[in-house]
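*Asks:* Would you be able to build a 3D model of this:
(4 chains)
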Number of protein chains: 2
Amino acid sequence: MKAGQTFTIKQTAAQTGITEDTIRYYEKIALLPRANRKDNGHRIYREEDVNTIRLISCLKKTGMPLEEMRPFLAVSVDADPAEYPELAERLRSHRETIVSQIASLQQVVDFIDMKLDVGKYRGDCSEENKDGALKKEIVSPIEMSYFSVSAKAGKPVRR
Amino acid sequence: MKAGQTFTIKQTAAQTGITEDTIRYYEKIALLPRANRKDNGHRIYREEDVNTIRLISCLKKTGMPLEEMRPFLAVSVDADPAEYPELAERLRSHRETIVSQIASLQQVVDFIDMKLDVGKYRGDCSEENKDGALKKEIVSPIEMSYFSVSAKAGKPVRR
DNA sequence: ATACAACTTGGAGCTGACTCCAAGTCAACC
DNA sequence: GGTTGACTTGGAGTCAGCTCCAAGTTGTAT
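*Replies:* So this is what the prediction gives:
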């Protein structure tokens, strides 16, 4: 056991890429639990805490609002989500969201590749079927041209 | 030629999932070009315009700030980005950003799968190498545990 | 003792992206 | 001719997520 190495807030910020101010802010809004303090009141973080902050950073990159992260942080703190079926359901639901986000992103990559190669592009960015939210007649089979894609020869890309 | 079918702002909003207010807002900040008007001043949109709005919506899903979308919309309006090398460079650069975003998202999916399956998880969410921006000693080879992943048997997941 | 660096707190201010509103125009129907 | 509905404009308000600041404390170096 290489027992508890700890970090200052500055070190933690450096490790995670999240600023000190923002870390304090997360604690202020209770997204992070109150950090332990040294006798002088300075915050100390363990590897565990650093990992939680990394998880936040990761979820942030997926565009998740801070409020929605709470269940994720909960599940990472206590053990098995199977014991909290409602939580597991949330995870599953968010998984679907992310998968469709990946699809959206992939389409943007395709769009860029198409533009750079002056190749061809098709597909749209729609699709939505979560719980609430809009869902009209989905624009599926449009020959998505995003303006002047003006049928030039298309070489496949997909590096 | 099934010549110019046009749409009201309401129809356009319905088709794209972007509210009328937001469409007007995009025009106000000149993210969209000023729409043509009917004699009574009402905006009219062509399929072309609708596709531009869809592109915005798509880029939005990738978390791109509106300001950064301008080059994308430019490239979708006029023809070949090869003629604007600086623009092409931006596209390439943003492509890399998106590819690494996809990786981040995939890691969240893995995290969720791991949590749901009580399997195993590794990998972090770091990586950054665009132009400006921070880049410290990157936390690469951590056995990313996100708290209590407490070595239980790991069955491979991957959707 | 004095300076300094690294922190603390509470709170104000800022940016991006909407979102809402009031007042007005126009066309069409009753 | 009055009401209704779909739009217009300009501008104000809202919310999330920081970001900055001032004033104070503590620990170490000179």
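*Asks:* Please count neighbours and contacts with C-alpha atoms only from this point.
*Replies:* Will do.
*Asks:* Any part of stretch A:22-41 near chain B?
*Replies:* No - Stretch A:22-41 stays clear of chain B (C-alpha under 8 Å from any C-alpha of the partner chain), getting no nearer than 13.3 Å.
*Asks:* For that stretch, buried residues please.
*Replies:* A:23-24, A:26, A:31-32 (16 or more other C-alpha atoms under 10 Å in any protein chain shown).
*Asks:* Now do it: everything it contacts.
*Replies:* Defining contact as C-alpha atoms under 8 Å, 6 or more residues apart in numbering or on different chains, one finds that stretch A:22-41 is touched by A:9, A:13, A:43-45, A:66-67, A:69-70.
*Asks:* restrict the residues you listed to those near DNA strand D?
*Replies:* Contacts with DNA strand D are made by A:66-67 out of the contacts of stretch A:22-41, judged by C-alpha under 7 Å from any atom of the strand.
*Asks:* Can you pull the residues of chain A lying near DNA strand C?
*Replies:* So chain A meets DNA strand C at A:8-11, A:24, A:41-43 (C-alpha under 7 Å from any atom of the strand).
*Asks:* Can you select the buried ones from those in PyMOL?
*Replies:* PyMOL command restricting those to the buried ones, with burial defined by 16+ other C-alpha under 10 Å:
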select buried, chain A and resi 8+9+10+24+43
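*Asks:* how about the nearest residue to residue A:42, chain neighbours excluded?
*Replies:* residue A:8 (7.7 Å; C-alpha to C-alpha, 6 or more residues apart in numbering or on different chains).
*Asks:* Surely that neighbour is in contact with residue A:45?
*Replies:* Yes - Residue A:8 is within contact range of residue A:45, at 6.4 Å (criterion: C-alpha atoms under 8 Å).
*Asks:* that older thread, could you list which of the buried residues of stretch A:22-41 belong to helices?
*Replies:* A:23-24, A:26 (DSSP state H).
*Asks:* Which residue ranges of chain A form strands?
*Replies:* A:6-7, A:36-37, A:43-46 (DSSP state E).
*Asks:* thinking again about what came up before, which among the residues of chain A next to DNA strand C gets closest to residue A:91?
*Replies:* residue A:24 (26.5 Å; C-alpha to C-alpha).
*Asks:* Pretty sure residue A:18 sits against residue A:58.
*Replies:* No - the criterion here is C-alpha under 8 Å, and residue A:18 misses it with residue A:58 at 10.9 Å.
*Asks:* who has more neighbours, these two?
*Replies:* Set side by side, residue A:18 and residue A:58 show more neighbours around residue A:58, with 21 against 16, by other C-alpha atoms under 10 Å in any protein chain shown.
*Asks:* Please list the members of the residues of chain A next to DNA strand C that lie in helices.
*Replies:* Judged by DSSP H, the subset of the residues of chain A next to DNA strand C located in helices is A:9-11, A:24.
*Asks:* and which of those residues is nearest chain B?
*Replies:* The nearest member of those to chain B, counting by C-alpha to the nearest C-alpha, is residue A:11 at 11.0 Å.
*Asks:* ok so, going back, from the contacts of stretch A:22-41, pick the one nearest DNA strand C.
*Replies:* Nearest to DNA strand C among the contacts of stretch A:22-41 is residue A:43, at 3.6 Å by C-alpha to the nearest atom of the strand.
*Asks:* Leaving aside the residues adjacent along the chain, what's closest to that closest one?
*Replies:* According to C-alpha to C-alpha, 6+ apart, the nearest residue to residue A:43 is residue A:37 (4.4 Å).
*Asks:* How much space separates that neighbour from residue A:73?
*Replies:* 21 Å (C-alpha to C-alpha, to the nearest Å).
*Asks:* Out of the ones in helices among the residues of chain A next to DNA strand C, the closest to residue A:101 would be?
*Replies:* Closest to residue A:101 out of these is residue A:24 (29.5 Å), distances taken as C-alpha to C-alpha.
*Asks:* Report the angle between the lengthiest helix in chain A and helix B:85-117.
*Replies:* Criterion DSSP H: the longest helix present in chain A is helix A:85-117. Interaxial angle of helix A:85-117 relative to helix B:85-117 (axes from the mean of the first three to the mean of the last three C-alpha atoms, to 10 degrees): 160 degrees.
*Asks:* and helix A:85-117, what does it pack onto?
*Replies:* In terms of contacts (3 or more C-alpha pairs under 8 Å, 6 or more residues apart in numbering or on different chains; DSSP states H and E), helix A:85-117 is packed against helix A:66-77, helix B:47-61, helix B:85-117.
*Asks:* want to try CSV for the ones you listed, with mean pLDDT and distance to residue A:84 as columns?
*Replies:* Putting these into CSV (pLDDT from 0 to 100; distance: least, C-alpha to C-alpha, whole Å) gives the following:
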stretch, mean pLDDT, distance to residue A:84
helix A:66-77, 81, 9
helix B:47-61, 91, 30
helix B:85-117, 83, 11
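*Asks:* Highest mean neighbour count out of the ones you listed?
*Replies:* Across these, averaging neighbours per residue (mean count of other C-alpha atoms under 10 Å in any protein chain shown) puts helix B:47-61 on top, at a mean of 21.
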